[in-house]
Every structure is written in structure tokens, then in C-alpha cells.
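Undergrad: what shape does this take:
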Amino acid sequence: MIRLGAAPSDGGQVTAGTGGSTLARPPGFRGAFRLDAPARAVYAEAAGIQQLWPTAVAVPADADDVVALVRWAARTRTPLTPRGSGSSMAGGAIGSGVVVDLGGLRELGAIDAQRRRVVAGPGVLRDEVDAAARAAGLRFPVDPSSGAFCTVGGMAATNAAGAHTLRYGAMRRWVAALDCVFADGTRAVVARDGPVAEGVPALDRLHREVVPRLRAADRSTLHHPGVRKDSSGYALADFAASGDAVDLLVGSEGTLAIILGLELSLAPLLPETASLLAAFPTLEAAVGGAAVARAAGTSACELLDRTFLDLARSAAAGKGDAAGAARWDGADAVLLIELEGATSAAVADAGRALERALHAAGAGEVMLAADRDAEAALWELRHAASPALARLDPALRSMQIIEDGAVPPAHLAEYVRGIRMALARHGLRGAIFGHAGDGHVHVNPLIDVRDAHWRASAADLLREGVALTTRLGGTLTGEHGDGRLRAGVLAETWGGARSPAMDLFAAVKRAFDPEGILNPGVKLRRAEPTTGVADPGDPFGAIKYDPSLPPLPAAARAVLDRVAADRAYARPRLALLDEVSRTRPDLE
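TA: Numbering: from 1, shown residues only. Predicted structure coming up:
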């Protein structure tokens with residue numbers, strides 16, 4: 001059903017470089033397999049804050065190549081870290097073993113309009129799926145802000161979400177089936193509402209060793225009650241409710257299996273929208289406004305906190321826009337809201353009704369936009385902080401340390417105030433924004449790496465954020481995954497290191513990956529002893545912004561800087577490296 005055709009190999013060669021490995025090309029592997037320092041260096045970083053050099057880089061030619069690679073890794077007990085475009089924030093796309101770039105598995109099947117389904121390779125970009133669906137009168141509704149360059153395989157790995165999760169839910173809901181290769185090299189399609197795939201030892205162990213314990217467990221300990229978005233741990237509560245292993249595999253961050261293909265569900269396309277911008281004098285009023293928007297059936301409700309508005313004002317002032325710089329002086333928070341419907345008249349009527357309700361909820365100003373140009377102008381505020389961040393002192397780094405917390409929506413104001421206070425205690429600026437309707441916000445603390453105590457400040461901020469999230473009954477990650485960043489503090493929001501949830505998480509990992517070769521150190525901190533991979537432990541052990549780190553090879557540094565500056569995450573890293581080598585021989 002999902003077995004996809006071959007993607008072309010780039011013909012890479014095995015080359016040992018400075019600091020290289022004694023690994024040899026896996027037998028039968030046809031894709032690029034590189035051990036040279038520049039190739040390894042371009043995979044040592046992703047969009048998050050960490051840096052971790054891999055031992056080697058593998059770029060499979062097709063799905064069968066991935067299977068061959070995994071079978072070799074199982075025989076040699078070589079750790080593998082699968083990744084897509086590298087746009088993930090929590091460190092799940094970097095590892096000290098062999099990084100496996102799945103970006104070349106890009107076959108996109110025809111839209112099945114009758115069943116509202118499409119088959120895609122893990123390297124297909126989210127926006128490519130949505131464009132194909134829209135051409136058939138449908139849509140792919142999961143829409144992270146990275147949709148132009150994130151892969152659907154990576155989205156499934158982290159249970160990605162986005163602004164429209166308020167109406168449509170996160171990625172897990174939209175994955176109908178997965179074509180997987182498991183840690184022993186077994187390949188199978190795992191589908192919803194179907195029989196358990198036969199001849200798969202990982203699934204046999206799951207049903208023999210984990211399911212009985214799961215049935216006996218207190219279900220209330222296996223999720224965060226009241227939290228609307230959660231990508232933390234393994235989705236035990238969803239699996240217990242459905243019995244579908246798809247629910248466990250989505251959000252598992254490459255620690256249980258490697259995704260070779262996906263069958264995705266699609267949604268009907270609602271062609272008309274209207275948007276509102278509502279400014280509130282207090283956070284509490286804004287949270288009340290978000291509840292009103294949620295009850296009205298809105299498709300998106302985004303929060304721009306005062307910290308974010310400060311940066312937007314800075315951006316306006318830098319452009320000489322005095323009116324823009326002063327506009328939101330009286331607001332503690334702004335909500336951006338979208339309504340969807342079948343007709344323009346229907347959404348305009350709903351917009352006017354919601355405008356009245358938001359005023360009644362305490363909004364000081366509400367702007368309604370019912371045509372596309374006016375809507376685009378309202379949503380432009382959501383992007384206004386980026387220019388301001390770009391103009392800040394280059395020593396100030398936006399370090400996404402506590403960047404994905406979600407709490408029950410009623411506690412959102414308390415959470416945002418707590419984060420504000422934590423930033424202030426450490427003398428840090430930052431921007432807070434996100435998905436108010438789901439009680440989920442992102443935090444971009446700005447840290448000066450010239451400060452001798454920046455590491456201590458970052459570690460304290462993480463610790464305080466975890467404590468706050470735990471106290472409010474929240475999750476550390478609403479949509480980005482645990483990765484390496486949160487693996488060491490995961491237990492705190494799941495009842496402690498010896499809690500039923502943590503014990504079952506470990507049991508799930510053992511069932512799928514008893515030798516610990518799939519993304520060790522991601523999600524669960526302890527590395528399996530059979531891999532010989534040291535647990536990196538401290539999430540601040542190697543921060544890519546640290547000026548004391550040894551420099552990467554110049555060509556690799558140029559590639560990574562270009563990826564970050566141009567958001568060129570979808571470009572193949574080795575192709576970019578070859579391009580830099582051709583055009584900038586001075587960097588060799």
C-alpha cells in the first residue's frame with residue numbers, strides 16, 4: 001500500500017577526514033555514505049540550540065536502501081539518527097552515531113479524492129502535500145509555521161501541529177498508516193483499524209509485554225489531563241484507547257522505527273475565511289478572549305504576548321514607523337483569530353458576532369478583516385518580531401530552551417506570567433507567542449553569550465520552566481517533541497523517574513528497540529549500554545552558539561549559516577556543501 005519507489009542517489013563516496021571514523025560503507029548500501037569532517041559537520045546541527053557531531057552520514061537512495069542500512073546497524077549495533085529537513089527544535093535530528101538523511105525519499109502519490117487520502121514519502125514537504133490536496137478540492141490541515149520546508153516524515157516523528165490544531169488536531173489524527181522499518185530490519189505497514197502486521201518481532205513484544213501492563217495501568221497517569229496538545233513521551237493514552245500502533249509510532253521521534261512512507265488523511269477545503277485582531281489590557285482578559293474564540297469554533301487563535309509586542313514595536317521604530325511603534329502600548333496581549341466557512345457571508349456574520357463577544361470579554365480594540373488583503377495585513381503582525389531579532393546585537397542568541405510548553409488553557413495566563421518573571425529574574429529579554437486557543441506558547445529567550453554566566457542562566461531558566469509547567473499540570477512539548485533537550489527532565493512532568501508512565505515508556509522502547517540503536521538519548525535520556533554511546537546528559541553540554549566551541553570546518557559553517565539565514569532547511573545538505581566547495585574554494 002505504501003511501498004514507494006526509488007529516489008535518486010547523489011553518488012556520494014566514502015572519505016575519511018579529520019576526526020573521522022573507522023566505519024566502512026555498509027554492504028549493499030547504494031546511497032551516499034560519508035565520514036569526512038565537512039559532511040559530518042553539516043549534520044551536527046539542526047534548528048535547535050545543540051551541536052552533536054555524528055560518526056557518519058548516510059543518505060539512502062530509496063526505501064530499500066534504508067532497510068539495508070538498518071539491518072547492517074542491527075548486526076553491528078551502530079546507532080542511527082533518522083532526520084528530515086533538520087528544522088526540528090529539540091535536538092531529535094542530531095546524534096553521535098550515523099545520521100540518516102531521509103530527505104531524498106520524496107515520492108508523492110496521486111490524491112485519492114474519494115477516500116480523502118494520499119501516500120507520501122517521508123521526505124515530501126508539508127506544503128507540497130497541501131498544494132496537491134488543494135488542487136483536488138481538499139487540504140492537509142496540519143500546518144506548522146515551518147510548512148514550506150519541514151517534511152511529513154519529520155512531522156509524524158514529532159506529532160507536529162500548528163495554528164489550526166485548534167480545529168483540526170495534531171499530526172497523529174491525520175496519519176492513517178505508516179510503512180516502517182523496525183530496529184531489527186523488519187519492514188511492515190502499520191495501519192489504523194487493521195490487523196496487527198504479522199512477522200514483526202517488535203509488535204509481538206509490544207502486545208505480549210506492554211499491552212497487559214497498559215491495560216492494568218491507571219489511565220489518568222498516562223496523559224496530562226486538560227492539556228490540548230502534547231508531543232511528550234510515547235502516546236500511551238492514545239494507544240490504549242485505539243489499540244493502533246500508529247498512535248505510538250507518531251510522535252516517537254525515530255526511537256521506535258524509521259518511517260519509509262505515510263498514508264495521510266485529508267480534510268474538505270473550506271474556501272472562505274475571516275480574521276480578527278483583538279488587543280487586551282491584561283493576560284487574564286486575553287485568556288478569557290481565547291476561551292470565547294474556542295467556544296465559537298474558530299480554526300486558529302494565536303497569542304502575541306507583551307514581550308512579543310515589544311519586539312514588534314522595535315521593528316516598527318527601526319523602520320521609522322512611529323504609529324506602528326506606538327500602536328500596542330496599552331496592550332498586555334493580542335489575539336489573532338481565524339474563522340473558516342463555506343461562504344464569505346457566513347464567515348463575515350460569524351466574525352461580527354465574535355467581534356462583539358470579544359469586546360464583551362474585555363478587548364480594548366478589535367479589528368475584523370473579511371477579505372484576503374486585509375487578513376494578510378493583520379497576520380503580518382505575527383511575523384513582525386523577526387526583523388527586530390535580526391537587528392539585535394549578534395552576541396544575543398535566541399535560545400529555545402523552554403520553547404514549547406503547553407498547559408490547560410485556563411492556566412495560560414499564570415504560565416505566561418511565570419515565564420516573564422523567570423526571564424526578568426535572569427535579566428533576559430525574550431519573545432512569548434503561540435497558540436492561545438490550545439494553551440500552548442513558544443518562548444524565545446535572548447541570551448548574551450559574552451556573559452560569563454550565560455550557561456548557568458540558561459540552565460536555571462530550563463529548571464524554572466520545568467517546575468512551572470509541572471505545577472500547572474502541563475507538558476514540556478506541545479508540538480516539537482522531547483528530543484535531546486528535554487529527555488533529561490522528562491520525568492518531572494510525568495510523575496517522577498519511577499512513575500508508571502516512565503516505566504511504561506521504557507517498556508515501549510525495549511519492545512521496539514531492545515538493542516537501543518534507534519536515536520539513543522532522544523526522548524528517554526538513558527542510552528542503552530549495548531550501543532556504547534555515552535549519554536550526553538547535560539542539554540547544555542554543547543550549544544552551537546557557544547563561542548568557546550571548536551569551529552566547524554569553514555565550508556560546513558557556511559552551509560549551516562546559509563540554511564539558518566535563508567531558512568533553506570529543505571535543501572540537501574551534501575548538495576549545499578558541494579556547491580560551497582565549488583564556488584568558495586577559499587573555504588576548503
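Undergrad: for the chain, where's the lowest mean pLDDT among helices and strands?
TA: Sorting the helices and strands of the chain by mean pLDDT, DSSP states H and E puts helix 322-326 at the bottom, at a mean of 55.
Undergrad: the host helix or strand of Ala41 packs against which elements?
TA: Using DSSP states H and E, Ala41 falls within helix 37-42. If contacts are counted by 3 or more Cβ pairs under 8 Å, 6 or more residues apart in numbering; DSSP states H and E, helix 37-42 sits against strand 56-59, helix 554-566, helix 573-583. (Glycine included, C-beta is placed from N, CA and C.)
Undergrad: go again using 10 Å as the cut-off
TA: For helix 37-42, the packing partners by 3 or more Cβ pairs under 10 Å, 6 or more residues apart in numbering; DSSP states H and E come out as strand 32-34, strand 56-59, strand 98-101, helix 554-566, helix 573-583.
Undergrad: of these, flag the one that's most buried.
TA: Of all the helices and strands packed on helix 37-42, strand 98-101 carries the top mean neighbour count, a mean of 27, counting by mean count of other Cβ atoms under 10 Å.
Undergrad: distance of Leu428 relative to Leu446?
TA: For Leu428, the distance to Leu446 equals 6 Å [Cβ to Cβ, to the nearest Å].
Undergrad: CSV for the helices and strands packed on helix 37-42, including mean pLDDT?
TA: Formatted as CSV, these follow (pLDDT from 0 to 100):
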stretch, mean pLDDT
strand 32-34, 97
strand 56-59, 98
strand 98-101, 98
helix 554-566, 93
helix 573-583, 92
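Undergrad: figure out which of the ones you listed is closest to Arg115.
TA: When the helices and strands packed on helix 37-42 are ranked by proximity to Arg115, the top entry is strand 98-101, at 30.8 Å, counting by Cβ to Cβ.
Undergrad: would you report the backbone torsion angles of Ser398?
TA: phi -80, psi 100 (degrees, to the nearest 10).
Undergrad: and the strands in the stretch 1-150 of the chain?
TA: Along the stretch 1-150 of the chain, counting by DSSP state E, counting those that start in this stretch, strands occupy 32-34, 56-59, 80-83, 98-101, 117-120, 138-139.
Undergrad: in a markdown table: the ones you listed, plus distance to Ala374.
TA: Shown next, in a markdown table, are these (distance: least, Cβ to Cβ, whole Å):
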| stretch | distance to Ala374 |
| --- | --- |
| strand 32-34 | 48 |
| strand 56-59 | 45 |
| strand 80-83 | 39 |
| strand 98-101 | 42 |
| strand 117-120 | 32 |
| strand 138-139 | 22 |
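Undergrad: which of those sits closest to Ala156?
TA: strand 117-120 (10.0 Å).
Undergrad: average pLDDT for the closest one?
TA: Averaged over strand 117-120, pLDDT sits at 98.
Undergrad: equivalent analysis for stretch 524-542, please.
TA: 56.
Undergrad: end to end on that stretch, go ahead and measure it.
TA: Counting by Cα to Cα, to the nearest Å, you get 19 Å between the two ends of stretch 524-542.
Undergrad: the strands in the stretch 151-300 of the chain, which residues?
TA: With DSSP E, counting those that start in this stretch as the criterion, the stretch 151-300 of the chain has strands spanning 175-182, 187-191, 257-265, 267-268, 272-280, 300-305.
Undergrad: format the ones you listed as TSV; extra columns: distance to Gly84 and mean pLDDT.
TA: What follows is those, written out as TSV (distance: least, Cβ to Cβ, whole Å; pLDDT from 0 to 100):
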stretch	distance to Gly84	mean pLDDT
strand 175-182	14	98
strand 187-191	19	96
strand 257-265	9	98
strand 267-268	23	96
strand 272-280	29	95
strand 300-305	24	95
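Undergrad: can I get the ones you listed in a markdown table including distance to Thr55 and mean neighbour count?
TA: Listed next are the strands of the stretch 151-300 of the chain as a markdown table, based on distance: least, Cβ to Cβ, whole Å; neighbours: other Cβ atoms under 10 Å:
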| stretch | distance to Thr55 | mean neighbour count |
| --- | --- | --- |
| strand 175-182 | 20 | 24 |
| strand 187-191 | 24 | 20 |
| strand 257-265 | 17 | 26 |
| strand 267-268 | 42 | 14 |
| strand 272-280 | 48 | 24 |
| strand 300-305 | 41 | 26 |
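Undergrad: got JSON lines for the ones you listed, with distance to Val124 too?
TA: Below are the strands of the stretch 151-300 of the chain laid out as JSON lines (distance: least, Cβ to Cβ, whole Å):
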{"stretch": "strand 175-182", "distance to Val124": "13"}
{"stretch": "strand 187-191", "distance to Val124": "17"}
{"stretch": "strand 257-265", "distance to Val124": "8"}
{"stretch": "strand 267-268", "distance to Val124": "18"}
{"stretch": "strand 272-280", "distance to Val124": "26"}
{"stretch": "strand 300-305", "distance to Val124": "24"}
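Undergrad: which one of those strands lies nearest to Ala410?
TA: Across the strands of the stretch 151-300 of the chain, closest to Ala410 is strand 300-305 (Cβ to Cβ), at 14.2 Å.
Undergrad: who does that closest one pair up with?
TA: For strand 300-305, sheet partners with direction are given as strand 333-341 (antiparallel), strand 429-435 (antiparallel), following DSSP bridges.
Undergrad: rank the ones you listed by pLDDT, which is bottom?
TA: Among those, strand 429-435 carries the lowest mean pLDDT, a mean of 92.
Undergrad: following element in sequence after that one, please.
TA: Remark: after strand 429-435, the chain's next helix or strand is strand 440-448, criterion DSSP H and E.
Undergrad: which stretches of the protein have low pLDDT?
TA: 1-22, 316-326, 385-391, 526-538, 588 (pLDDT under 70).
Undergrad: just to revisit the earlier point, deepest of the strands paired with strand 300-305, which one?
TA: strand 333-341 (a mean of 26).
Undergrad: just the CA coordinates for that one, please, in PDB.
TA: In PDB, the C-alpha atoms belonging to strand 333-341 read as follows (Å, rounded to 0.1, in the frame of the first residue of the first chain):
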ATOM      1  CA  ALA A 333      -1.500  40.700  24.900                       C
ATOM      2  CA  VAL A 334      -3.000  40.500  21.400                       C
ATOM      3  CA  LEU A 335      -5.000  37.600  19.900                       C
ATOM      4  CA  LEU A 336      -5.100  36.800  16.200                       C
ATOM      5  CA  ILE A 337      -8.100  34.700  15.300                       C
ATOM      6  CA  GLU A 338      -9.300  33.000  12.100                       C
ATOM      7  CA  LEU A 339     -12.700  31.700  11.200                       C
ATOM      8  CA  GLU A 340     -13.400  29.400   8.300                       C
ATOM      9  CA  GLY A 341     -16.600  28.700   6.400                       C
END
